[in-house]
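S.K.: Got a predicted structure here, sequence first:
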Amino acid sequence: MAKVFRPFHPKTAYVPEGTSPERRIAAKYSIRLWCVRWARLLEWLYNTFAEMLLGLHPLWNAIGYGRVERPMKFVERRVKEFMFDCRMCGQCVLSSTGMSCPMNCPKSLRNGPCGGVRADGNCEVEPDMPCVWVQAWEGSQRMRASDQILTVQKPVDQSLRETSAWLRSTAAKAAERRDAAEPAAGGEGTS
Amino acid sequence: MSAGGAPGAAPAAIPDGHSSRGRLEAILRRGEFAVTAELSPPDSADPEEVYELAKVFDGWVDGINATDGSGANCHMSSVGICALLTRVGYAPIMQISCRDRNRIAIQGDVLGAAAMGVQNILCLTGDGVQAGDQPGAKPVFDLDCMSLLETVRDMRENRRFLSGRPISTPPQVFIGGAINPFAPPYGFRPLRLKKKIEAGAQFVQSQYCYDIPMLETYMQRVRDLGLHEQCFILIGVGPLASARAAKWIRSNVPGVHIPDSVIDRLDGAEKQKAEGKKLCVELIQQIREIEGVAGIHLMAYRQEEAVAEIIETSGVLKDRKPWRPGDAT
Ligand code: SF4
């Protein structure tokens, strides 16, 4: 729990403004905040898009998931960086976090806000940034699957960083569907 | 129970329905109003300093929290302090923060601590490094408090590491988390407690409470969700030294909410320090009356000597005498 301290900040000659342990990609948070405001629309768009990717599973399979990875990652990164300030953790949970990317939280929290959120709803670590989880809570309340925020998320698998979450979840869903179709075959779907 | 028993001796059996052999769990399960206190670790390698600090709590508290670099300041480690305290038979609550260690280090510490006789573990996110004396440190945050809770519970219940690799003797610990009902997003806070319980929290300790109406609103929601029956809730309290200190804490310590009325009251008082203690006693008495509260957690930073007095005047222990060195464990 927090307690009183005597801050000691080493003085260096020049410290550029706005630096933090987690370098922010965005100088402003307007697009990110817009996405949260339109979380319900994005949820629908995202689901439709995911369905489409899943529909194309035979194609990905024919080309080979491994070969699609690079171009897919290229697109995914550009899109998600622009919209959500995505950090390419490779295990996207946007649909459980009100379309507010939790990897922008300086503490990388995936399960809800820390106890340090400021009274104005800004971040403890970066006083100028709206707390990612205050946003996530608001966004989630606009979404259809508003209770997904209550799912306890597993820790990030660091070895999956910088990989395409879109492809992985498509492959996983395809395997799930296949297993459901032929229960007799059993066996874990490898994705 | 002390120090995990003498070498070779078989450890005592765990009471039915308990997760640990600890006194804190036993007291809470018996339905007694529990009192825990926070020990500020020394900046020293001298064990005597730890014992000196613990002494002020003798006979007054049911558990002693050993903080883990709280406020992101460097001090003696939590696991070190706990190891020292269990030698005497104290019931330390080892705090683990996700800020400084990754999953490999944390799981190792859990086993080490349990082997040293630690019965209680409190899983925290931890303050950001910017808050402390070493703002240049690398913030780790490999796990978050939720996945940490789940990991420790898994180690205890399913005898395995996060990776799935088996553990031969699991750590028999009572697992806790932290709550802060006084920070936004207020609507999410009770649900977050629900999540923590799902992840494995058996007790929670809260951030400093200075706003009773706010706590009441929170507890109302908690009771509606039935959470107070699934988890023991201890509310954090602490004496404020002066109005100036209160203002400083409010703007510098992450997550502490102090209403203006409290600061005005201290400001108006002749003896601010005495008023601070009086206020703390009153808060404790009000908190005790709230349904669903299982105890208090006293954080009297730099006023540790006041803990006994505050607990005594508040009368929360009734006639109960918590363990002190020399008593049977
Ligand atoms: S205040 Fe919000 S964004 Fe900042 S560290 Fe805490 S949870 Fe993360």
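M.R.: Yep, that arrived.

S.K.: Indicate the residue of chain B located nearest to the ligand.
M.R.: residue B:128 (6.2 Å; Cβ to the nearest ligand atom). Using the backbone N, CA and C atoms, a C-beta is placed for each residue, glycine as well.

S.K.: does that residue really touch residue B:139, like I thought?
M.R.: Yes. Distance between residue B:128 and residue B:139: 6.6 Å, which falls inside the contact criterion (Cβ atoms under 8 Å).

S.K.: When the two are compared, which one has more neighbours?
M.R.: Neighbours of residue B:128 and residue B:139, each counted by other Cβ atoms under 10 Å in any protein chain shown, are more numerous for residue B:128; the result is 25 against 21.

S.K.: List the contacts of that one.
M.R.: Contacts were defined as Cβ atoms under 8 Å, 6 or more residues apart in numbering or on different chains; by that measure residue B:128 touches A:21, A:106-107, A:116, A:124-125, B:72, B:99, B:139, B:254.

S.K.: Next one, pLDDT for it please.
M.R.: Among the per-residue scores, residue B:128 shows a pLDDT of 92.

S.K.: Can you show me the helices along the chain?
M.R.: No chain specified, so I'll use chain A. When secondary structure is read from DSSP state H, chain A shows helices at A:30-37, A:39-55, A:57-63, A:65-84, A:132-142, A:165-181.

S.K.: Chain B was what I was after
M.R.: For chain B, helices defined by DSSP H occupy the ranges B:23-30, B:47-55, B:78-88, B:103-115, B:145-157, B:189-199, B:212-224, B:243-252, B:260-268, B:272-289, B:307-314.

S.K.: Mind putting those helices into JSON lines with mean pLDDT, distance to the ligand and mean neighbour count?
M.R.: Rendered in JSON lines, the data for these read as follows (pLDDT from 0 to 100; distance: least, Cβ to the nearest ligand atom, whole Å; neighbours: other Cβ atoms under 10 Å in any protein chain shown):
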{"stretch": "helix B:23-30", "mean pLDDT": "97", "distance to the ligand": "28", "mean neighbour count": "20"}
{"stretch": "helix B:47-55", "mean pLDDT": "96", "distance to the ligand": "30", "mean neighbour count": "16"}
{"stretch": "helix B:78-88", "mean pLDDT": "97", "distance to the ligand": "21", "mean neighbour count": "22"}
{"stretch": "helix B:103-115", "mean pLDDT": "97", "distance to the ligand": "19", "mean neighbour count": "18"}
{"stretch": "helix B:145-157", "mean pLDDT": "97", "distance to the ligand": "11", "mean neighbour count": "23"}
{"stretch": "helix B:189-199", "mean pLDDT": "97", "distance to the ligand": "11", "mean neighbour count": "22"}
{"stretch": "helix B:212-224", "mean pLDDT": "98", "distance to the ligand": "18", "mean neighbour count": "17"}
{"stretch": "helix B:243-252", "mean pLDDT": "93", "distance to the ligand": "15", "mean neighbour count": "16"}
{"stretch": "helix B:260-268", "mean pLDDT": "96", "distance to the ligand": "23", "mean neighbour count": "15"}
{"stretch": "helix B:272-289", "mean pLDDT": "97", "distance to the ligand": "26", "mean neighbour count": "18"}
{"stretch": "helix B:307-314", "mean pLDDT": "96", "distance to the ligand": "30", "mean neighbour count": "19"}
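
S.K.: how about those, which one is nearest residue A:40?
M.R.: In this view, those are compared for proximity to residue A:40 by Cβ to Cβ, and helix B:189-199 is the closest at 19.5 Å.

S.K.: Identify all contacting residues around the closest one.
M.R.: With Cβ under 8 Å, 6+ apart, helix B:189-199 has contacts from A:111-113, A:149-150, A:152, B:145-147, B:149-150, B:153, B:177, B:179-181, B:183, B:201, B:204, B:218, B:221-222, B:225, B:227, B:230-231.

S.K.: The same query, at a cut-off of 7 Å, please.
M.R.: A:111-112, A:150, A:152, B:146, B:149-150, B:177, B:179, B:181, B:204, B:218, B:221-222, B:225, B:227, B:230-231 (Cβ atoms under 7 Å, 6 or more residues apart in numbering or on different chains).

S.K.: that older thread, could you look over the helices of chain A and pick the most buried one?
M.R.: With neighbours defined by mean count of other Cβ atoms under 10 Å in any protein chain shown, none of these is more surrounded on average than helix A:132-142, at a mean of 24.

S.K.: Are that helix and chain B in contact anywhere?
M.R.: Yes. Using Cβ under 7 Å from any Cβ of the partner chain, helix A:132-142 reaches chain B at A:134, A:137.

S.K.: Any idea how far that helix is from the middle of the chain?
M.R.: Here the centre of helix A:132-142 is set off from its chain's centre by 13 Å, with Cα atoms, centre = their mean, to the nearest Å.

S.K.: With stretch B:242-261 instead?
M.R.: Its chain's C-alpha centre lies 20 Å from the corresponding centre of stretch B:242-261 when counted by Cα atoms, centre = their mean.

S.K.: Check stretch A:63-83 too.
M.R.: When distances are taken as Cα atoms, centre = their mean, stretch A:63-83 is centred 15 Å away from the chain's centroid.

S.K.: before we move on, what about stretch A:153-166?
M.R.: Using Cα atoms, centre = their mean, the distance between the centre of stretch A:153-166 and that of its chain works out at 10 Å.

S.K.: what's the first-to-last distance across it?
M.R.: Between the opening and closing residues of stretch A:153-166 we find a distance of 18 Å, counting by Cα to Cα, to the nearest Å.

S.K.: Thought residue B:59 was touching residue B:321, still the case?
M.R.: Yes. Taking Cβ atoms under 7 Å as the definition, residue B:321 is a contact partner of residue B:59 at 6.1 Å.

S.K.: more neighbours, those two?
M.R.: A count of neighbours by other Cβ under 10 Å puts residue B:59 above the other of residue B:321 and residue B:59, at 14 against 9.

S.K.: excluding its backbone neighbours, what's nearest that one?
M.R.: With sequence-adjacent residues excluded and distances taken as Cβ to Cβ, 6 or more residues apart in numbering or on different chains, residue B:59 is closest to residue B:324, at 3.9 Å.

S.K.: Quick check, pLDDT for the one you found.
M.R.: Residue B:324 is assigned 93 on the pLDDT scale.

S.K.: Now do the phi/psi pair for it.
M.R.: The main-chain torsion angles of residue B:324 are listed as degrees, to the nearest 10 and equal phi -140, psi 160.

S.K.: Measure how buried it is and give me the count.
M.R.: Residue B:324 has 14 nearby residues by other Cβ under 10 Å.

S.K.: What about the ligand: which of the contacts of residue B:128 touch it?
M.R.: Restricting those to those within reach of the ligand (Cβ under 6 Å from any ligand atom) leaves A:106-107, A:116, A:124-125.
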